[in-house]
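Trainee: quick one, fold the following:
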Amino acid sequence: MNSTAPGLAAPRKKIIVAIDGPAGAGKSTIARHLARHFGLLNLETGAMYRAFALKALRGSVPLDDPGALEELSADTSIRLEVGEVDNRVLLDGEDVTGLIRNPMVTDGASRVSVVPAIRSWMVRLQQQLGSDGGVVMEGRDIGTVVFPHADAKIFLDASPEVRGMRRFDQLGPEPPQQPEEVIRDLRARDQRDRNRADSPLRPADDAVLLDSTHMTLDEAVKAAEAIVEEKVALLGTPVAS
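Mentor: Down below sits the predicted model:
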């Protein structure tokens, strides 16, 4: 039954922007810029997986035990709140934003993300968070699984060597790994992400491919902005409230 009053057009849903791509491609950075530029809520799904991996590691839950991980997820709350610069990540009410970026947690996130029950649980959470639109969401399967009908889809990529050096530069003045180790770990994560049975990493059929290998950050940001602006103009979709 249509609840819209006679003579009134149904309100148009605010835009959903989906950004997918491999680790280290710059999805989080691009998403933050797009969110600020278009007035969208930035939903970083990778942070959600890292928060869950942190809880599993804290509780010594084996990351290769699907049953134990599923049981843990049933007693886990993960929320993202808008911060002044980045999202705040709340795990069972605790702000763990500063605890989820180390290599052990990042690797754990990649491992728990291949568990079908955990992916299904996360997809439901992500769909709830973005159900009202007005969001930019980045991850591995946003445009293919979480929001297959997103208004604008970008698949952001770069060569493993470039992505690895970007990730290395983020580790700070006393990095726990050498560049070759970061690149090796990133290649292993690519292998897991692209070959997992459930929701493997791949571009959506209608995604715009954006390879930033030979781009500066500013060039990549401008290219992403242009992709979204073109979709907004074409669809006539409200960007945000």
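Trainee: which residues sit against stretch 181-188?
Mentor: Outside stretch 181-188, the residues that touch it by Cβ atoms under 8 Å, 6 or more residues apart in numbering are 22-24, 103, 107, 160-161, 163-165, 167-168, 171, 175, 177. In short, each C-beta sits where N, CA and C put it, glycine included.
Trainee: now the buried members of those residues.
Mentor: P22, A23, G24, D107, P160, R163, G164, M165, R167, F168 (16 or more other Cβ atoms under 10 Å).
Trainee: one step back: farthest pair within the contacts of stretch 181-188?
Mentor: Of all pairs drawn from the contacts of stretch 181-188, the one with the longest distance (Cβ to Cβ) is P22 and P175, at 20.4 Å.
Trainee: so in this protein, which helix runs the longest?
Mentor: helix 217-235 (DSSP state H).
Trainee: what residues sit buried inside that one?
Mentor: Under 16+ other Cβ under 10 Å, the buried positions of helix 217-235 are A220, V221, A223, A224, I227, V228, K231, V232.
Trainee: of those residues, the lowest pLDDT goes to which?
Mentor: Sorting the buried residues of helix 217-235 by confidence puts V232 at the bottom, with a pLDDT of 82.
Trainee: that older thread, just checking, what packs against the longest helix of the chain?
Mentor: Under the contact criterion of 3 or more Cβ pairs under 8 Å, 6 or more residues apart in numbering; DSSP states H and E, helix 217-235 touches helix 27-38, strand 152-157, strand 208-211.
Trainee: partner strands of the last one, with direction?
Mentor: So the one you mean is strand 208-211. Within its sheet, and counting by DSSP bridges, strand 208-211 is paired with strand 152-157 (parallel).
Trainee: show me how far the partner strand is from its chain's centre.
Mentor: Strand 152-157 sits 11 Å away from the centroid of its parent chain (Cα atoms, centre = their mean, to the nearest Å).
Trainee: tell me which residues are up against it.
Mentor: 15-22, 25-27, 30, 142-143, 203-204, 206-213, 220, 224, 227-228, 231-232.
Trainee: sorry, back to before: pLDDT check: weakest of the buried ones among the contacts of stretch 181-188?
Mentor: R167 (83).
Trainee: list the residues that contact it.
Mentor: By Cβ under 8 Å, 6+ apart, the neighbours of R167 are A23, G24, V182, L186.
Trainee: how far away from the center of its chain is the strand or helix carrying it?
Mentor: Using DSSP states H and E, R167 sits in helix 160-169. Relative to the chain's own centre, helix 160-169 is displaced by 18 Å; criterion: Cα atoms, centre = their mean.
Trainee: C-terminal to it, what's the next element?
Mentor: Next element after helix 160-169 (DSSP H and E): helix 179-195.
Trainee: run the angle between that next one and helix 160-169 for me.
Mentor: If you take axes from the mean of the first three to the mean of the last three Cα atoms, to 10 degrees, helix 179-195 sits at 120 degrees to helix 160-169.
Trainee: what mean pLDDT would you report for helix 179-195?
Mentor: Helix 179-195 comes out at a mean pLDDT of 88.
Trainee: same deal with stretch 115-128?
Mentor: 93.
Trainee: give the buried residues for that stretch.
Mentor: V115, A117, I118, R119, W121, M122, V123, L125, Q126.
Trainee: low pLDDT regions in this protein?
Mentor: 1-13, 83-85, 237-241 (pLDDT under 70).
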